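> sequence first, predicted model second:
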Amino acid sequence: METRILIYAPTGQDGPLAARVLALAKLDSHVCATLAELEQQAAAGVGAVLTVEEALTDGGYQLLHAMVARQPDWSDLPILLLTHHGADSPVVRKAVAGLGNLTLLERPVRTLALIAALQATLRARHKQYQVREAARRKDEFLASLGHELRNPLAPIRTSVSLLTHMYPDAAPVARIRDVVERQVRLLTRLVDDLLDVARITRGKIKLQRQLVSLQAVMNHVNELCVQAATAKRIHVAWQLPLTEVMLHADYARIVQIFANILSNAIKFTPQGGQVLVRAHVADRVLVVSLRDSGIGLEPEALSRIFTMFEQSTTVAGQFTSGLGIGLTLARQFAEMHGGSVDVTSEGVGKGSEFTVRLPVVHASDERAPRPLAAPAHSGGAGQQRQVLVVDDNHDAADTLAALLAAEGFHTRAVYGGEEAVAAAAHARPDIVILDLGMPGMDGYDAARAIRQQPGAADILLIALTGWGQSDARRRTLDAGFDHHLVKPVDLEQIIALARTRDDRTQVQAAR
């Protein structure tokens, strides 16, 4: 932790005298002669600031106020202010109101009192650094947990799909497949939400903005939520603008906003209920309301429903399932786009209405009900392409290879980076699906080695991993991969990417 005490007392001898006193007490300090020096030293790290009342004029207060305002969430910068004897000046009152963690010491201050106050301040500051370290470790744990959970999800999903191919007409197999698919989809979503929390708290999420069609977004949202709605016989009605609405936004995050809210509405709406999704544009702002006939909210719940890990209760007073972070993520992603998410409810048993506002690039304000397109499903023709599947998890590699073989691909599975490089050199594949986190030669090094082989420029390299962070995606591009897929991946995604191989110009443009 940073224990240095920055002293700013530009007039008189308070600064040098305080520095000598702190040195005798073995407390590290630095005297700043100017506001510019104070700002520079604070940026390098500060345990506490010791200043005097007269220094708060001529920009001193503004600088300290700015330092307090822009500090990270874990920090509560301690400021010790030496005041005039018996004075209750406007300057001091302003400091008390605006400088947060402020301690007043009336001059003349006894040496022992000053040292004791600073030692207590640094002990409290140490606790703040411990909180920061605990948060960092928690975020690293969540990221690792997400990676480890994704790895077993992949072979589970592919094994179930393989059973469907082996027994296409067996009703019991179909029922088991549907149950496993639902649970894998739910677990995948929980893992993704946990990882998003970790990325947001670490400032790791960067929006990948592009032109996004509202219709495409809502088609995707409908596809994600239709199964849950059907299971509860909940009718979801859509009223979208007849003409296209375009957003400059991160497609995945916009889908997440609406899917999280719609999923929440379906969860809290009883069997046979209704959800109405309406959208229109007003003053270049997209306004989407999601109104449900569910259990509603008590007035005091409206202010806390977007709080991280908030667990709402049912009418019967029982806690509901879930992590309590879906709505938090929806609001944070909307705000990152310059928008907002709000909620209203007339009370318990009277439903809720969530309103999302997002800026638009181009739209017509014409409103009319617009049906959603049915989800598209890819076919199964592999066209005899050679696929090399590489994963140190033998179950994951074998089941994915078997599933692709059932789709008509010629497949081979190996279980390490060195084996992958040797297999590609022996018989050049058309497609290589590589896990990244393998022991020994990892997927990055294996991809580079394969790319260097003669004739390997046309191989379609697909990274398949449990890591979805932006730095992992950047590293895959640098290593020569064409695509980065996060486990557990749908077979249709791989087949769709495989079909792009015939047009290498399109694939290179996507890179």
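Structure's in. What do you need? Numbering: from 1, shown residues only.

> list the contacts of the residue nearest to Glu346 when sequence neighbours are not counted.
Once flanking residues are discounted, Glu346 sits nearest to Gly296: 6.8 Å by CB to CB, 6 or more residues apart in numbering. Where you see a C-beta, it was placed from the backbone N, CA and C, and this is true even at glycine. For Gly296, the contacting residues are Ser345, Glu346, Gly347, Val348, Gly349, Lys350, Gly351, Ser352, by CB atoms under 8 Å, 6 or more residues apart in numbering.

> list only those of those residues flagged as buried.
Buried members of the contacts of Gly296, scored by 16 or more other CB atoms under 10 Å, are Ser345, Gly351, Ser352.

> and the last one, what is it in contact with?
Read it as Ser352. Neighbour list for Ser352: Ala265, Phe268, Arg291, Asp292, Gly294, Gly296, Leu297, Val343, Thr344, Ser345 [criterion: CB under 8 Å, 6+ apart].

> re earlier: let me know the closest of the buried ones among the contacts of Gly296 to Ile254.
Using CB to CB, Ser352 comes nearest to Ile254 of these, at 21.0 Å.

> relative to Leu297, how far out is that closest one?
Applying CB to CB, to the nearest Å, the value for Ser352 to Leu297 is 5 Å.

> what's the helix or strand for Asp169?
Using DSSP states H and E, Asp169 sits within no helix or strand.

> thinking again about what came up before, which one of the contacts of Gly296 is nearest Asp435?
Using CB to CB, the contacts of Gly296 come closest to Asp435 at Ser352, 42.4 Å.

> now the closest one: closest residue in space that isn't a chain neighbour?
In space, and not counting its chain neighbours, Ser352 is closest to Ser345: 4.4 Å by CB to CB, 6+ apart.

> domain ranges for this protein, per the record?
Listed domain ranges for the chain are 5-109, 142-201, 211-359, 386-510 (source: automatic domain parsing).

> nearest to Arg132, out of those?
The closest of these to Arg132 is domain 5-109. By CB to CB, the value is 4.1 Å.

> and that closest one, how far from the chain's centre?
Offset of domain 5-109 from its chain centre (CA atoms, centre = their mean, to the nearest Å): 37 Å.

> between the two ends of that domain, how far is it?
17 Å (CA to CA, to the nearest Å).

> could you do stretch 205-214 as well?
End-to-end distance (CA to CA), stretch 205-214: 22 Å.

> next, the buried residues of it.
Residues of stretch 205-214 classed as buried by neighbour count (16+ other CB under 10 Å): Ile205, Val212, Leu214.

> stretch 438-449 now?
For stretch 438-449, burial by neighbour count (16+ other CB under 10 Å) applies to Met438, Met441, Asp442, Gly443, Tyr444, Ala446, Ala447, Arg448, Ala449.

> wait, doesn't the third one sit right on Leu436?
Yes: with contact taken as CB atoms under 8 Å, Asp442 and Leu436 are classed as touching, separated by 6.1 Å.

> where does pLDDT dip in the stretch 101-250 of the chain?
For the stretch 101-250 of the chain, applying pLDDT under 70 flags the ranges 186, 198, 201-204.

> can you map out the helices along it?
For the stretch 101-250 of the chain, the helices defined by DSSP state H, counting those that start in this stretch cover 111-166, 171-201, 214-231.

> which one of the ones you listed lies closest to Arg70?
Short answer: helix 111-166, nearest of those by CB to CB, at 15.7 Å.

> now the angle from that closest one to helix 171-201?
If you take axes from the mean of the first three to the mean of the last three CA atoms, to 10 degrees, helix 111-166 sits at 160 degrees to helix 171-201.
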